[in-house]
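A.B. asks: coords please:
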Amino acid sequence: MIIREVNLNHAEALSDIYKYYVDNTSYTFEYSAPSAREFSARIEANHREIPFLCLRR
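C.D. replies: Prediction:
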């Protein structure tokens, strides 16, 4: 398993994955899933202090 930091190219896929959890679970505190553009903005705004990580098997 490889853990790496995400980049802006991952925003659309991450948005799609996250949307499932926003729409179907209580794991998040959000009521509507962010768009890929919003997800990209979150990555860009926070990546220095709060890295977004992903796993690759």
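
A.B. asks: need the residue closest to the centroid of this structure.
C.D. replies: Centroid-nearest residue in the chain, with C-alpha atoms, centre = their mean: Leu14, separated by 4.4 Å.

A.B. asks: right, and that one touches Val6 too?
C.D. replies: Yes. Leu14 is within contact range of Val6, at 6.6 Å (criterion: C-beta atoms under 8 Å). All C-beta spots, glycine's among them, are computed from the backbone N, C-alpha and C.

A.B. asks: find the residues that touch each one of these two.
C.D. replies: Common contacts of Leu14 and Val6, defined by C-beta atoms under 8 Å, 6 or more residues apart in numbering, comprise 52, 54.

A.B. asks: quick one: His47 and His10 touch, right?
C.D. replies: No. Counting by C-beta under 8 Å, His47 sits too far from His10 to count as a contact (11.3 Å).
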